[in-house]
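Trainee: output the structure for:
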Amino acid sequence: MSGFDQTRGIQAATGGSGQSLPRRRLFVKSYGCQMNVYDSQRMADVLAPEGIAETARVEDADVVILNTCHVRERAAEKVFSELGKLRALKAARASAGRETKIIVAGCVAQAEGEEIFRRQKAVDIVVGPQSYHRLPELLRRAGTSREVLDTDFPAASKFDHLAGPSPRQIRKRGVSAFVTVQEGCDKFCTFCVVPYTRGAEASRPVEGIVAEVEMLAAAGVREVSLIGQNVNAYHGRTPEGAFASLSELTARIAEVPGIARIRYTTSHPGDMDASLIKAHRDQARLMPFLHLPVQSGSDKILAAMNRRHTRTGYIALVAEIRGARPDIALSSDFIAGFPGESEEDFAATLDLIEKVDFANAFSFKYSPRAGTPAAALQDQIPEFVKSERLARLQTLLDEQRRTFNRKMAGCTLDVLIEKPGRHAGQIAGKSPYLQAVQIEGSLDRIGEVVRAEIVSAGANSLFGRLLPDRAARGAPR
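Mentor: Below is the predicted model:
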């Protein structure tokens, strides 16, 4: 632990004279979705002015944050297993005279609350996803209080208090960045905990988002991914007091100098309106890749999920999107073994997948979430049936993904170069379709959008060669 800093208390990074003061260390482990990744970065940003610097080694950390996700199976148990290891680490460091504060943040914190303190005495702070902007205050309170709990809900309050990361922090994170524009969900799908852990839909004001993107661009970011639990329901205030849609927001961001690419996720089919479809046709910087979760291909199961769309409606929506942007590719989410799902219902899902033809997808076995309506349904599917269906589902989806990747061979793509490649002399980036691309080239191309011919497709990457000029839109040709 030679790099460990033993400073006590929370101090500013510099004194009034400008002299550097000792710093405490922060380790953040993030679980789950892109929004949690973004939230973890912002927690580090919030604590940096307090003199708390990030470290890659948990053993060196004075402050450890587990930023948790409650969506996947046994999420809470995984957190408590990790907390058991941290308790031992905290005790070992205490015996050496080194204090460690353990913080549980995110959706498990919101859902479990005081239960976390009861089950794991080593935890000092439990903070929900809407309250992490108060971390400096909570850490100060933890200096005099055994347990500090903050699981308030108002996302607007968090949005109001969050300043952007420093240019130095941005540069450490690379040329692509997530930007939260919306949180919470009002859809209340019967399987989902998000409305209970993230609260009602709330959108950030347009100017705050644009200001953050401008700061990111000035620090070298070329691609921004706008994220939210239901991002295409975005309705942020403008300076004039009106509400802007997601299509209007992307148009504003497209005007920021230096931003070459815009993405957004996750979408709900019911909020995919005409203006957003038109934006995919007209906005060159909006990437031709759309994550549009469907969950099931059976109308009976969609109704039981309270998804508020039908199989026919989803297929028609996909046709409309492809009519506006023929080169667009889709990814989706699927749940196998939802309560009441018959073999006929599952076959309808496989049939929908074959009809739509996805470039990528995420699929999971249904697992009950306490407090959600689906958890109380009587017709739960046996575990072995869920596993068998998931295997069939993933076989079909994986074949579609591989076929899509193979079709890229011989095409020309715009590739955003993000980092060194796997081998010496290689650079790595991603295609407009979020595919990893390996190219022979020099590191000074990092941050550029280069034109590349795709030579071959591997299991998880495309391989290409640089071409002399650049594509206009980023679509294959």
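
Trainee: could you list the low-pLDDT ranges of the protein?
Mentor: Residues of the chain meeting the criterion pLDDT under 70: 1-22, 71-75, 153-173, 469-477.

Trainee: what residues does the biggest helix by length in the chain touch?
Mentor: Looking across the chain with DSSP state H, the single longest helix is helix 383-407. Helix 383-407 is contacted by residues 329, 334, 336-337, 341, 346, 349-350, 353-354, 357-361, 363-366, 433, 435, 457, 459, 462 when judged by CB atoms under 8 Å, 6 or more residues apart in numbering. No exception for glycine: its C-beta is placed from N, CA and C like everyone else's.

Trainee: now the element after that helix, going C-ward?
Mentor: Per DSSP states H and E, helix 383-407 leads on to strand 412-420 as the next helix or strand towards the C-terminus.

Trainee: in stretch 105-118, what's buried?
Mentor: Buried positions in stretch 105-118, judged by neighbour count with 16 or more other CB atoms under 10 Å: 105-112, 116-117.

Trainee: can you tell me which residues contact residue 259?
Mentor: 213, 217, 221-224, 253, 285.

Trainee: same thing with residue 250?
Mentor: With CB under 8 Å, 6+ apart, residue 250 has these contacts: 226, 262, 264, 279, 283, 285-286.

Trainee: narrow those residues to those in helices?
Mentor: Per DSSP H, those map to helices at residue 279.

Trainee: out of the contacts of residue 250, which is nearest to residue 309?
Mentor: The nearest member of the contacts of residue 250 to residue 309, counting by CB to CB, is residue 264 at 18.5 Å.

Trainee: neighbours around the closest residue in space to the closest one that isn't next to it in sequence, how many?
Mentor: Take residue 264 and drop its neighbours on the chain: the residue closest to it by CB to CB, 6 or more residues apart in numbering is residue 226, 4.2 Å away. Using other CB atoms under 10 Å, the number of residues around residue 226 comes to 23.

Trainee: so what's residue 226 up against?
Mentor: Taking CB under 8 Å, 6+ apart, we find residue 226 in contact with 179, 181, 209, 234, 246, 249-250, 253, 262-265.

Trainee: now with 10 Å, please.
Mentor: Remark: with contacts taken as CB atoms under 10 Å, 6 or more residues apart in numbering, residue 226 is in contact with 178-182, 204, 209, 213, 232, 234, 246, 249-250, 253, 262-265.

Trainee: residue 271 against residue 203, yeah?
Mentor: No - the pair residue 271 / residue 203 is not scored as a contact, 12.0 Å apart, by CB atoms under 10 Å.

Trainee: higher neighbour count, the two?
Mentor: Applying other CB under 10 Å to residue 271 and residue 203 shows that residue 203 carries more neighbours, namely 25 against 18.

Trainee: I figured that one was touching residue 243, is that so?
Mentor: Yes - counting by CB under 10 Å, residue 243 is a contact partner of residue 203 at 8.1 Å.

Trainee: against residue 187, how distant is the residue nearest to residue 264?
Mentor: 18 Å (CB to CB, to the nearest Å).

Trainee: one more: residue 433?
Mentor: Using CB to CB, residue 433 is found at 27 Å from residue 187.

Trainee: all strands for the stretch 151-300 of the chain, in order.
Mentor: Here the stretch 151-300 of the chain has its strands, by DSSP state E, counting those that start in this stretch, at 176-180, 182-183, 202-203, 223-227, 236-237, 243-244, 261-265, 289-291.

Trainee: so which of those strands is the most surrounded?
Mentor: For those, the largest average neighbour count (mean count of other CB atoms under 10 Å) is found in strand 182-183, namely a mean of 26.

Trainee: tell me what that strand is packed against?
Mentor: Identification of packing neighbours for strand 182-183 by 3 or more CB pairs under 10 Å, 6 or more residues apart in numbering; DSSP states H and E yields helix 34-47, helix 155-161, strand 202-203, strand 223-227.

Trainee: so which of those gets nearest residue 98?
Mentor: helix 34-47 (18.0 Å).

Trainee: all the helices of the stretch 101-250 of the chain, in order from the start?
Mentor: 107-112, 114-119, 135-142, 155-161, 167-173, 194-197, 206-218, 246-254 (DSSP state H, counting those that start in this stretch).

Trainee: and of those, who's closest to residue 305?
Mentor: helix 194-197 (13.4 Å).

Trainee: what comes into contact with that closest one?
Mentor: Residues outside helix 194-197 that contact it (CB under 10 Å, 6+ apart): 33, 35, 68-71, 106-112, 128-130, 151, 153, 183-189, 201, 229-230, 369-372.

Trainee: are any of those residues buried, and which?
Mentor: Among the contacts of helix 194-197, the ones that count as buried by 16+ other CB under 10 Å are 33, 35, 68-71, 106-112, 128-130, 151, 153, 183-185, 187, 189, 201, 229-230, 369, 372.

Trainee: mind listing what's buried in the helix or strand residue 335 falls within?
Mentor: Element membership of residue 335 [criterion: DSSP H and E] is strand 329-336. Neighbour-count burial for strand 329-336 flags 329-332, 334-336 (criterion: 16+ other CB under 10 Å).

Trainee: what do you get for stretch 137-150?
Mentor: 138-139, 142, 148-150.

Trainee: restricted to buried residues, select the contacts of helix 383-407 in ChimeraX.
Mentor: Buried residues among the contacts of helix 383-407 (16+ other CB under 10 Å), as a ChimeraX selection:
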select :329,334,336,337,341,346,349,350,353,358,359,360,361,363,364,365,366,433,435,457,462
